[in-house]
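In: Predicted model and sequence below, questions to follow.
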Amino acid sequence: MNTDQNASAFTSELTLILGGTGKTGRRVAAKLQARGVPMRLGSRAASPSFDWNNRQSWDACLRDVKAIYISYAPDLAVPGATDAIQALVDQARKHGVARVVLLSGRGEAEAQACENIVQNSGLRWTVVRASWFNQNFSEGAFVDMVRAGRITLPAGDTPEPFIDVDDIADVAVAALTEPGHDGEIYEVTGPRLMTFADIAAELSAVTGREIAFEQIPHDAFMAEVKKSGAPADVVWILDYLLSTVLDGRNAYLADGVQRALGRPPREFSAYAREVAGTGCWRTAA
């Protein structure tokens with residue numbers, strides 16, 4: 001079979017998008033839909049529904065599926081994720097799934113354990129390894145801080161190569177629809193290292209008002225998160241990311257976007273200008 005025929009075979013396969021309503025999953029779904037790729041959303045709200053905590057729900061979702069995009073919520077570092085990923089790939093293989101694309105976490109030993117499970121599954125695989133998202137400031141935990149004009153985090157001056165979620169989705173879609181990505185670990189980052197103070201300065205520039213970064217003690221931040229009523233797994237992952245992963249271990253750039261897509265990753269400033277234009281960060285009059 002030649003390359004064109006291979007690509008055509010990929011795009012005619014039914015693809016299951018796990019985490020299909022999340023930051024990356026819904027973008028992957030939209031991009032596959034634009035390419036005319038048949039797909040099934042995997043979420044508790046979909047029909048058939050998919051629930052990581054109810055393995056009996058998996059069979060209906062896996063029926064006739066040939067490829068899976070796996071975005072595990074809230075994060076592969078959460079206790080129990082390795083058991084869930086092992087059970088999923090075992091069940092997927094029984095259903096005749098041929099290929100999986102796993103969204104993994106940079107600098108997370110638990111996530112790398114999940115990568116090993118996928119790599120040893122007997123399925124064709126691609127890993128997309130990412131860390132902090134640009135969209136955390138517009139769709140995630142930090143958006144209200146931006147609106148309030150103060151990003152208050154126990155983050156210090158450790159730089160991170162924040163990645164645009166649209167870049168992650170583009171890499172995942174390429175791996176799901178094009179030949180040449182099997183067995184690849186794409187470590188994806190933005191094009192530069194930025195501290196949270198740098199982020200605040202960029203957001204101030206595009207919004208036209210001061211958005212400050214304030215370093216606060218870790219325990220004080222976590223106490224406020226718990227007081228907010230956030231789910232226990234969200235509390236756990238914020239504690240883990242801010243106390244463990246944000247220690248400088250990921251303070252370097254990687255070439256995953258360039259290798260997978262043949263183009264550089266998107267600049268944070270381009271993301272910030274686009275979001276500012278939507279009015280997402282405007283405060284109530």
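Out: Thanks, I have it.
In: now the end-to-end length of stretch 142-159.
Out: Distance between the two ends of stretch 142-159: 17 Å, counting by Cα to Cα, to the nearest Å.
In: Next: stretch 109-129.
Out: Criterion Cα to Cα; first-to-last residue distance in stretch 109-129 is 12 Å.
In: How about stretch 66-83?
Out: Stretch 66-83 end-to-end distance (Cα to Cα) = 22 Å.
In: With stretch 93-103 instead?
Out: Stretch 93-103 has an end-to-end distance of 19 Å (criterion: Cα to Cα).
In: average pLDDT across it?
Out: The predicted model assigns stretch 93-103 a mean pLDDT of 97.
In: residues in contact with it?
Out: Contact partners of stretch 93-103, identified using Cβ atoms under 8 Å, 6 or more residues apart in numbering, comprise 13, 19, 24, 59, 62-63, 65-72, 85, 89, 92, 114-115, 118, 121-128, 130, 168, 172, 175-176, 182. In this view, the C-beta of every residue, glycine as well, is placed from N, C-alpha and C.
In: In its sheet, which strands sit next to the helix or strand harbouring T126, and in what direction?
Out: According to DSSP states H and E, T126 maps onto strand 124-130. Sheet partners assigned to strand 124-130 using DSSP bridges are listed as strand 99-105 (parallel), strand 184-187 (parallel).
In: Return a PyMOL selection command for the buried portion of the contacts of stretch 93-103.
Out: What follows is the PyMOL syntax for the buried subset of these, where burial is set by 16 or more other Cβ atoms under 10 Å:
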select buried, resi 13+19+24+62+65+66+67+68+69+70+71+72+85+89+92+114+115+118+121+123+124+125+126+127+128+130+168+172+175+176
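In: Next step: the contacts of stretch 93-103 restricted to helices.
Out: Among those, the residues falling in helices (DSSP state H) are 24, 59, 62, 85, 89, 92, 114-115, 118, 168, 172, 175-176.
In: From T82, how far out is the closest residue in space to G25 that isn't next to it in sequence?
Out: Nearest non-adjacent residue to G25, counting by Cβ to Cβ, 6 or more residues apart in numbering: G19, 3.8 Å away. For G19, the distance to T82 equals 17 Å [Cβ to Cβ, to the nearest Å].
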